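In: fold the stuff below for me.
(2 chains)
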Amino acid sequence: MRYLPLTDTDRRAMLDTIGAASIDDLFVDVPAEAQLTAKIAGLPDHASELAVERHMGALARQNRAAGDGPFFLGAGAYRHHIPASVDHLIQRGEFLTAYTPYQPEIAQGTLQMLFEFQTQVARLLGCDVANASMYDGSTACWEAVAMAARITKRKKAVLSGALHPHYAQVVKTMSKVTDYTIADSLPSIQPKPDNAGLIARIDGETSCVVVQYPDILGRLPDLEEIGAAARAQGALLVVVVTEPVALGAIRSPGEMGADIVVGEGQSLGVGLQFGGPYLGLFGCKQKYVRQMPGRLCGETVDAEGKRGFVLTLSTREQHIRREKATSNICTNSGLCALAFSIHMTLLGERGLRELAALNHALAVRAADKLATVPGVRVLNDSFFNELTVILEKDAREVVRTLAARGILAGVSLGRLFPGEEGLSNGLVVAVTETTTDEDVDALCAGLEAVIQ
Amino acid sequence: MSGKAIGNQSGWKPEMAASDALIAAPTATGNRALMLEEPLIFEIGSTDRTGVDLADVPAAPSRLGGMERATPIGLPGLSEQETVRHYTRLSRQNYAIDLGLFPLGSCTMKHNPRLNEKVARMPGFADLHPLSPQSEVQGALAVIHELGQWLKTLTGMAAVAMSPKAGAHGELCGLLAIRAALEARGDARSVILVPESAHGTNPATAAFCGYAVEDIPATPEGRVDLEALEARLGVGGPDCDVAAVMITNPNTCGLFERDMKKIADAVHAAGAFVYCDGANFNAIVGRVRPGDLGVDAMHINLHKTFSTPHGGGGPGSGPVVLSEALAPFAPLPIVERQADGSFHLVEEETAGADHGQAFGRMVAFHGQMGMFTRALAYILSHGADGLRQVAEDAVLNANYILRSLEDVVDAPFGGTGPCMHEALFSDKGLAEGFSTLDVAKGLIDEGYHPMTMYFPLVVHGAMLIEPTETESKAALDQFIMALRSVAERAKAGDESLKGAPWFAPRRRLDETLAARKPRLAWEEAGGLAVQAAAE
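Out: Next up is the predicted model:
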C-alpha cells in the first residue's frame, strides 16, 4: 500500500514495545460480536494509482463539461475563467494540507490570508466586517436569518420570491426546528422585481427581509427602498449575492443599507465543481459582529511587538460556548476562501471592474440577439450577466432537446420551481467572459430550431 | 535553549565566530534569510494594477437599471509575479502535513494523496454545472452513488445522505432526521444527551435544532456511565423526553465505548435514537461497522478518515449514514440507480411517495462533489485490505506513542488498557506554573505542530495525540524523542519553555488584545479605525 509506511518488521517491533502479542490485542475493547473477522465484503482489494485514475477518468468522461460546447447555465453557479496561478498556489502543500489555524505562531500564512480575504469581502459587499467564510451561499443565507432573529428577537423572516429556491428551501428546512415563520412566495414574472409586493409583506413581527441581488431571474431590485421599509418596521435587511462579479459593476448592498450581506463566492477562483465545495460569504455591520456565526481572524501583536493574526472572538463559537454558540459551524471553506482571495488579488479593483463590464456588455449583446429569435422574449428590464427569456414552449423540454445537440442552454424555471405552470416557459441564461459570439449564435439558432 | 556547539570537523574556520548577540541582531528588512516577512496586499498592491488581461469590452449600452456602482471598492491588485510571491511567502509561514507529523487529536491529519487532487480536477468533474440536465452528468451522479454505496458498506447502514458540507453540518442532518422520525410518530421530545467529553459541535448542533442539552455522566475510566444513562432514560415510552443521545465512538479520550451496543439497546428501548459522531471512524474503518453497534445516524468526515485535504480550515464534507428507521427521512437531493443502470437525482419535484418524508434540503445543489471524487479515489486506492490496514496501523501508531511516553507524561487512562487511534495525556506532573500550553509551544520549536490541547474537557490540561497510519516508525520515534525532551523540561521547570516558541515566524500572540479591540479588516492609515463592538 503506497500510502502506508509501516513494514511487518516495524509492526512487530512496535507491538513488542507496546507489550501486545498481536494487533487484535489492541482491539480488545471492541466486543467480539461487533468485530469483522474478515475484510469488508463487496469492496475490492487495493488498486494501483493507474487503475484508480482509469476508473475515475471513465466516470469523468460520462459528463458534458461546461467547456465542451456552448454553455449558458448560472442560477447560483457561474463559469468564469480562473487564472492558472490560482490553482497552482492553492496546491502548495503548506496551504492545502494545513489545519485550521489554532496554533497561530505556525499558521500566519493562513491567518494573514484570511485577514486579507475578510477585508476584500467586506469591501466588496460594502460591509464593515466579513467572516472567514461559511460552507456556501445557501447555508450562509440560513445563518443570516438565524442571526437576524437573535438580534431582533423576532421569529418571522420574509423571503423575496426571487430568492434562489434552493436557498429558500434550506431556510425553510431549518426553520421547522427553530419555530421561525418563513413568509415566501413565487417570483413575479415581470420585467421589474416586485418590490411593492415584498414590502407589503413586512410587518412589526418581521425579523428580516431577505432579498437576492441580482435576483434569481437576473433582475436588479432597488435595495434602498426595501431597506427603508424594513427599518420602518424594526426589521433587518439581509441581501443575498450569488454572483459576486456583479459587485464590480453595481452598487454594493452595504451602501444601500443592508444589515447583513451573504453570498456565494464560487465565481472567483473556485470553479463549478458540480455544486461544491463552494464558498459562503458573510458580512455585516460592525455593531452586529458578536452575533456573527463562523470564524473571524483579527490583527494583534506577538511577544516582540510584531504584527500577527489570530482567530478571535471565539466566545461566539461552538468549541468554547458549546450549546450557547451562535452557530454549530466548525470547518468552513478555507481553501476556497484562499482561491477567491488570490483571484481577487490578481484582478484588483481595475481587473474586477473590467471583468464585470465585460460580463455585462456580453450579456447585453446576447440579450439583444436572443430578442430577435422568433418565439423568444427577454423578460428583464435590468440585469448584470444573467437574464430570463420567456419561450413559446416548455423550457425544460427545450433545455433537454438542446442538450442532446451539445448546447447547454440555461436553467429552466421549471427545474428551479417544479410544478409551477406559470413559470414553465422561463429560461435563465447566464453569459460570462467565457461565452463567445459563436456560442450565442449557436444558442439562438438552437432555440429557433426547437421552438419552431 | 543552548544547543551543544558542534564544531566544524574539517578544520576550516569562518572569518568570524558566531555570537548570541550577532545571531539576535535585527536585519534591515526584517527578513531572516529564507524566512521572509510579507506585508499585506493592501500595503503593496494598487487599485490600478492587475494580474489579469481580459478581452476588450465591446460597446453596449448599460442595462444595469440605474444601479451602476459610483464609489471605489478599495481592492488592491498585484501583477502575476507579485501575486505568486505574496502567497508563496505566506505559505512558508504555515505548518502542514506535507512538512511533518501533524498529531492533532480528533482531526485525523493523514497524508493527502495527490492522485486525488488530479482526479478532482478532471474537467468532467471540475468544470461541471450542478444544474446541467441529468442526462449530461451521469458520471458525476455515478460518483455520488458509488461513494455512497461504499460508505454504507463500510458502516453497515441502510441509507446515506450525501449533501452535508462538513461534520457539524452532518450532525445537523442526523438530528433533523431524528426529529422528523419522532414527529412522524407524533412523539415530541425535547432533550438530547451529550457526554461532557463530546466535541463542542455536538451540544451546539443540538441547541441549533431547538433541543435542550444534558450531560451524560462518565465513568472514572473515561467512558459513558451506562447505569446513569439508563436511569436518565427511565422506562421510556411516551413520558420519556429524550430524543437522542450523541456519542462519539471511539470517544474523544481515544477509548472504544465497550458498552455501545447496550447503550444503543437502552436508548432504543426508551424510544430514542443513537447519533454517533463519526469523527474518529479512522480507528475502526474496515474492522467494525457502526451499524452492528445499534447506531441510527453517523456523519463521516471525508476530510478526516478519507483524506480529503483540510485546506487550512476546510472545505470538509460530512455525509451521514442512516439506519432503516431514519432512512425515509433523509434530505434531498438523493441519487438513485434506476433499473436500466442510469442514475437519477431525486429533487423536490420527483421526491414523490418514495421520499415523501424527506425532511427537506440542507444545501443548494448536491453537496461537496470535489470531496466525493477525492474520497472515492482514496477508498478505491486502499480497497478492503488497505482500509482495514489503515485502522490497524492508526491504532498501532497511537498505542506506540502511548506506551513510549507514559513514563514521562501522565496518561490518565493508560492503565485501563490500549487506546484506539489517539493517545490522551494530561498536565499532571508538570512543574508548578507550567502548563499544557507550554509543552505545545515547546513542540513548535522542535519542528512539530502541537497536539490537540485542553480537549477533551474531562481531563485536566488534556493533550490528545493522533499520529494517523501514514506516519512511519522513524517519524514516530523522532516525535516521541522531541515530546519526551519538552515534557522533561516542563517537569524540571525550564523557564525558557514559557517563552516558546522562539524560532517560529511569530512568538506567542496577544489573543486578549485581539478580542478586546477587534481589528477584523485592514484600514488605510488615516482612515477610520474599526471601532470595537460594544461588549
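
In: use CA for all of it now, contacts and neighbours both
Out: Fine.

In: which parts of the chain are strands?
Out: I'll assume chain A. Here chain A has its strands, by DSSP state E, at A:129-130, A:156-159, A:181-183, A:206-212, A:236-241, A:260-264, A:280-284, A:296-301, A:307-312, A:376-378, A:386-391, A:411-412, A:426-430.

In: you looked at the wrong chain, it should be chain B
Out: Using DSSP E, strands in chain B cover B:159-161, B:191-195, B:212-216, B:242-248, B:273-277, B:297-299, B:320-322, B:334-337, B:343-346, B:423-425, B:452-453, B:463-465.

In: so which of the strands of chain A is nearest A:Met14?
Out: Distance to A:Met14, taken as Cα to Cα, is lowest for strand A:307-312 among the strands of chain A, at 38.4 Å.

In: mind checking pLDDT for B:Ala188?
Out: B:Ala188 is assigned a pLDDT of 86 by the prediction.

In: for it, give its distance to B:Asp265.
Out: Separation of B:Ala188 from B:Asp265 (Cα to Cα, to the nearest Å): 20 Å.

In: quick one, longest helix in the chain?
Out: In the absence of a named chain, chain A is used. The single longest helix within chain A, with elements called by DSSP state H, is helix A:334-371.

In: that's the wrong chain, I meant chain B
Out: Per DSSP H, chain B has its longest helix at helix B:369-405.

In: just how off-centre is that helix within its chain?
Out: Helix B:369-405 sits 15 Å away from the centroid of its parent chain (Cα atoms, centre = their mean, to the nearest Å).

In: quick one: is it near chain A?
Out: Yes. Contact of helix B:369-405 with chain A (Cα under 8 Å from any Cα of the partner chain) involves B:369-371, B:373, B:377, B:380-386, B:388, B:390, B:392-393, B:395-396, B:399-400, B:403-404.

In: contacting residues around residue 246?
Out: Answering for chain A, as no chain was given. By Cα atoms under 8 Å, 6 or more residues apart in numbering or on different chains, the contact list for A:Ala246 reads A:Pro214, A:Ala356, A:Phe384, A:Asn385.

In: the chain in question should be chain B.
Out: Applying Cα under 8 Å, 6+ apart to B:Met246 gives the contacts B:Ile192, B:Leu193, B:Val194, B:Pro195, B:Asn202, B:Val274, B:Tyr275, B:Cys276, B:Asp277.

In: mind redoing it with 7 Å?
Out: Shown in contact with B:Met246 (Cα atoms under 7 Å, 6 or more residues apart in numbering or on different chains): B:Leu193, B:Val194, B:Val274, B:Tyr275, B:Cys276, B:Asp277.

In: could you pick out the buried ones from those?
Out: Buried by 16 or more other Cα atoms under 10 Å in any protein chain shown: B:Leu193, B:Val194, B:Val274, B:Tyr275, B:Cys276, B:Asp277, out of those.

In: just flag the most distant two among the residues you listed.
Out: Within the buried ones among the contacts of B:Met246, B:Leu193 and B:Asp277 form the most distant pair, 12.9 Å apart (Cα to Cα).

In: enumerate the residues of the stretch 151-300 of chain A near chain B.
Out: Residues of the stretch 151-300 of chain A lying close to chain B (Cα under 7 Å from any Cα of the partner chain) are A:166-167, A:169-170, A:173, A:177-178, A:249-251, A:271-277, A:286-287, A:297-300.

In: any idea which residue of chain B lies closest to chain A?
Out: Per Cα to the nearest Cα, B:Gly77 is where chain B lies closest to chain A, at 3.4 Å.

In: not including adjacent chain positions, what is the nearest residue to that residue?
Out: Taking Cα to Cα, 6 or more residues apart in numbering or on different chains, and ignoring the residues beside it in sequence, B:Gly77 has A:Gly348 as its nearest neighbour in space, at 3.4 Å.

In: quick one: contacts for that neighbour?
Out: B:Thr47, B:Arg49, B:Thr50, B:Leu75, B:Pro76, B:Gly77, B:Leu78.

In: phi, psi of the most centrally placed residue in chain B?
Out: Most central in chain B under Cα atoms, centre = their mean is B:Cys107, positioned 4.8 Å from the mean C-alpha point. Backbone dihedrals for B:Cys107, given as degrees, to the nearest 10, come out at phi -110, psi -10.

In: pLDDT at it, what is it?
Out: Looking at B:Cys107, its pLDDT is 95.
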